[in-house]
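In: Return atomic coordinates for the entry below.
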Amino acid sequence: MKIVELDGYAANPGDLSWDAMKALGEFVLYDRTAPEDVVQRAKDADIILVNKVNVTKEVIEQLPKLKYIGVLATGYNVVDIAAAKEHGIVVSNIPAYSTDSVAQMTFAHILNMTNRIEHYAQLNREGRWSQNPDFCYWDTPLPEISGKVLGIVGLGNIGCKVARIAKDFGMDVFAFTSKNSADLPEGIQKTTLDGLFAVSDILSLHCPLTPDTYELINKDALKKMKKGALLVNTGRGQLVNEADVAAALKCGHLGGYGADVMCIEPPSADNPLFSQPNAFITPHIAWATKEARSRLLEVCVENVKAFIEGHPQNVVNK
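Out: So this is what the prediction gives:
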């Protein structure tokens with residue numbers, strides 16, 4: 001079997017090993033692959049592995065030897081699933097490998113917006129505390145999150161983990177979810193989407209990107225949120241309309257936006273969020289802890305091995 005990894009650098013920039021994958025067949029590694037190079041590099045492959053490389057219908061139709069596509073992520077929208085199925089190609093993903101890491105980043109954003117650690121650390125580097133007449137100072141609100149309402153959109157693995165952490169912080173947790181109320185973990189109250197907007201002091205997005213959730217947070221939704229509420233997006237960039245979020249920050253209706261994802265990645269330098277001081281953007285790294293990436297590669301190897309042995313797992317196009 002010839003296995004071609006088309007964009008391996010993000011998952012493994014060199015601190016992990018590909019040896020387990022090399023043991024499964026002829027392995028060719030590319031750190032990055034431009035769209036125009038995908039077919040040429042994958043033309044002799046039985047198996048291709050991708051993270052963000054788009055495998056379109058047009059690409060699939062030019063790869064007659066291809067039998068399997070392994071997506072090194074949970075989301076698999078980079079692959080034309082229908083075209084792969086039509087050509088008898090198995091597609092698998094890596095579920096739940098980054099749950100703890102993404103939940104950690106969610107609260108990193110929440111605590112950054114409430115406690116402003118980076119703000120005070122930078123002021124102190126510039127001598128602000130050293131020059132202060134009192135033993136302490138603060139120039140931002142310092143809210144306590146205990147007793148606040150955390151609204152969660154989507155109660156999958158990550159949403160449930162975030163809810164558990166929030167309960168440990170003493171927060172009240174409400175959720176918009178397709179799950180029945182009777183099936184929710186204890187302490188989580190189900191509500192409508194409009195109800196969630198109305199009650200949330202902090203709103204956190206953990207739903208998949210679908211036609212129904214595309215730009216779920218837009219001008220109309222933001223108007224329904226509490227003045228000064230905080231918004232966190234560690235899901236997908238296109239869950240929000242970024243221009244609308246920037247406008248809500250600018251007028252002060254939205255108190256802060258913490259995001260690890262953007263609609264276009266890498267983003268344009270003139271994205272309106274970058275000019276808003278209460279927008280805090282990290283570069284899509286919630287998934288990228290070494291522990292999570294190690295799990296990612298382990299499951300990727302297990303997926304490929306299972307396919308070669310004739311019992312594919314984590315298949316998303318059955």
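In: For residue 132, see how far away the residue nearest to the spatial centre of the chain is.
Out: Residue closest to the average C-alpha location in the chain (C-alpha atoms, centre = their mean): residue 235, at 3.9 Å. With the distance defined as C-beta to C-beta, to the nearest Å, residue 235 ends up 40 Å from residue 132. Just so you know, the C-beta spots here come from the backbone N, C-alpha and C atoms, and that holds for glycine as well.
In: next one: residue 7
Out: In terms of C-beta to C-beta, residue 7 sits 49 Å off from residue 132.
In: Same check on residue 196?
Out: 41 Å.
In: again, but for residue 11
Out: From residue 11 over to residue 132 (counting by C-beta to C-beta), the distance is 45 Å.
In: Comparing the two, which residue is more hemmed in?
Out: Ranked by neighbour count (other C-beta atoms under 10 Å), residue 11 and residue 132 place residue 11 first, with 22 against 12.
In: quick one on the thing from earlier: the residue nearest to the centre of the chain touches residue 261, doesn't it?
Out: Yes - taking contacts as C-beta atoms under 8 Å, residue 235 lies within contact range of residue 261: 6.6 Å.
In: Going along the chain, name the helices of this protein.
Out: Assigned by DSSP state H, the helices in the chain fall at 19-22, 38-42, 57-60, 81-86, 99-115, 117-125, 157-168, 193-199, 219-223, 242-251, 290-308.
In: can those go into CSV with extra columns for distance to residue 48?
Out: Shown next, in CSV, are these (distance: least, C-beta to C-beta, whole Å):
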stretch, distance to residue 48
helix 19-22, 12
helix 38-42, 5
helix 57-60, 9
helix 81-86, 11
helix 99-115, 26
helix 117-125, 40
helix 157-168, 26
helix 193-199, 38
helix 219-223, 38
helix 242-251, 32
helix 290-308, 11
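In: among those helices, which is nearest residue 280?
Out: Across these, residue 280 has its closest neighbour in helix 99-115 (5.7 Å, C-beta to C-beta).
In: Let me see the mean pLDDT of that closest one.
Out: Averaging pLDDT along helix 99-115 yields 98.
In: what do you get for stretch 248-267?
Out: On average, stretch 248-267 scores 98.
In: Show me the contact partners of it.
Out: 102, 105, 109-110, 112-113, 219, 222-223, 225, 227-238, 240, 242, 245, 271, 273-274, 276, 278-286 (C-beta atoms under 8 Å, 6 or more residues apart in numbering).
In: Between the two ends of it, how far is it?
Out: Across stretch 248-267, the terminal residues are separated by 20 Å (C-alpha to C-alpha, to the nearest Å).
In: Could you list the buried residues of it?
Out: By neighbour count on 16 or more other C-beta atoms under 10 Å, the buried set for stretch 248-267 is 248-249, 254-263, 267.
In: and what of stretch 16-36?
Out: Buried residues in stretch 16-36 (16+ other C-beta under 10 Å): 16, 18, 20-21, 27-30, 33.
In: looking only at pLDDT, what's the mean for it?
Out: 98.
In: tell me how far the ends of that stretch are from each other?
Out: 28 Å.
In: Just checking the distance from it to the centre of its chain.
Out: Centroid displacement of stretch 16-36 relative to its chain, using C-alpha atoms, centre = their mean, to the nearest Å, is 24 Å.
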